[in-house]
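Peer 1: Predicted coordinates and the sequence they were generated for:
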Amino acid sequence: MKAIILDTETHDLDGFPIEIAHVPVSFLENGELVVDKEACFDEYFSCPEPINYGAMAVHHILESDIADKPSYETFRLPAGIQYIIGHNIDYDIRAIKLADKSVNVKSICTLALSRMVWPDTAHNLSALIYMLSKGSLKARESIRNAHNAKQDILLTAALLKQICKALGVKDMQSLYLFSEQARIPTKITFGKYKGTDLKDLPADYVVWLLKQDDLDPYLRKALSKG
C-alpha cells in the first residue's frame, strides 16, 4: 500500500481530528484506478477540547460518539504510504500532523485537479458528484451522508476516477505531478489585488508578498517563477 484517499472530521476549524477515514487506491498495469473498499479504515478519536457546535452541525459527531475512543494522538498512517489524496487535502494533512508530526508524504489534491479539469463548475465535492452523475438519485443518496469521513473518501474515489479518465492519468506519480501543476495559481485570490493575474501585479507588491512567512507555498512558487 503506497497511496490512500484520506478524510478527517475535526472538532473545530483546523482542529483536532475526531474522525479519520482512509482507503487504499492503486493503478493496475493497464492504468485502471482501483479502490480497495474492503481495506477501508474509519474510526472516531477523542480530543482534549469540546466539539465546536458549528463543526458538529456539519459532521454530526457528538461528544458521546468520541467519549470512550482512543486519543487522536494514537493515530498513525499505515506503513509505506507515499501519497495521500483528498479534496482540499492540505486541511486533512494538517489535522493528522497534530497526531504525528513526522508525517511526510506527497499530497494529491482533488479540489485543485477538479478546478483544472472542470473550470466552469462548482468545485465542492457534492456539486462535482451531482455534475458527474447528471443529478442522479444514487448521487443524492450518497451525498446525503457527506461530511461523514468514510462517505467522503468514497465520493472522492468516484471523483478521482473521473479526473484520471479526463487527464489520461495511469500512474500515481503522474497524478501527483498533475496535482502540483493544478495547485500553482495564476491569479491572486485575496487582498486589494484580488482577481488580478499574477503577471500583472506591481513589482513592489510581489516583493512584499514574498517576504511573508505564512505565504502559501504554491503562490510563492508561482511568484518566484515570475
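Peer 2: Happy to help now that I have it. Numbers count the residues shown, from 1 in each chain.
Peer 1: Just the buried residues of the helix or strand containing residue 113, please?
Peer 2: Applying DSSP states H and E as the criterion places residue 113 in helix 110-117. For helix 110-117, burial by neighbour count (16 or more other Cβ atoms under 10 Å) applies to 110, 111, 112, 113, 114, 117. Every C-beta, even on glycine, is put in place using the N, C-alpha and C of the backbone.
Peer 1: what does stretch 79-93 give?
Peer 2: Neighbour counts over stretch 79-93 (16+ other Cβ under 10 Å) mark 81, 83, 84, 85, 86, 87, 89, 90, 91, 92, 93 as buried.
Peer 1: swap in stretch 91-111?
Peer 2: 91-93, 95-96, 98-99, 103, 105-111.
Peer 1: what's the answer for stretch 42-50, then?
Peer 2: 43, 44, 45, 46, 47.
Peer 1: can you give me phi and psi for residue 107?
Peer 2: phi -100, psi 140 (degrees, to the nearest 10).
Peer 1: That one and residue 61: what is the separation?
Peer 2: Using Cβ to Cβ, to the nearest Å, residue 107 is found at 24 Å from residue 61.
Peer 1: Leaving aside the residues adjacent along the chain, what's closest to residue 179?
Peer 2: Among residues not flanking residue 179 along the chain, residue 108 sits closest, at 4.4 Å (Cβ to Cβ, 6 or more residues apart in numbering).
Peer 1: Now do the helix or strand harbouring that neighbour, average pLDDT.
Peer 2: Residue 108 belongs to strand 106-109 when assigned by DSSP H and E. Across strand 106-109, pLDDT averages out at 99.
Peer 1: and if you look at stretch 194-208?
Peer 2: Mean predicted confidence for stretch 194-208 is 95.
Peer 1: Buried residues in that stretch, which are they?
Peer 2: 198, 201, 206.
Peer 1: rewinding a little: pick the one among the buried residues of stretch 42-50 closest to residue 177.
Peer 2: Set against residue 177, the nearest of those by Cβ to Cβ is residue 43 (31.7 Å).
Peer 1: continuing past the lengthiest helix in the chain, what's the next helix or strand?
Peer 2: If you go by DSSP state H, the chain has its longest helix at helix 149-167. Note on helix 149-167: by DSSP H and E, the next helix or strand toward the C-terminus is helix 172-183.
Peer 1: Take the helix or strand following that following helix, keep the C-alpha atoms, and write them as PDB.
Peer 2: The helix or strand immediately downstream of helix 172-183 is helix 203-210, counting by DSSP H and E. Extracted C-alpha coordinates of helix 203-210, given in PDB (Å, rounded to 0.1, in the frame of the first residue of the first chain):
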ATOM      1  CA  ALA A 203       6.700  44.500  -8.500                       C
ATOM      2  CA  ASP A 204       6.800  46.100  -5.100                       C
ATOM      3  CA  TYR A 205       3.700  44.100  -4.000                       C
ATOM      4  CA  VAL A 206       5.300  40.900  -5.200                       C
ATOM      5  CA  VAL A 207       8.400  41.700  -3.200                       C
ATOM      6  CA  TRP A 208       6.300  42.300  -0.100                       C
ATOM      7  CA  LEU A 209       4.300  39.100  -0.600                       C
ATOM      8  CA  LEU A 210       7.500  37.000  -0.900                       C
END
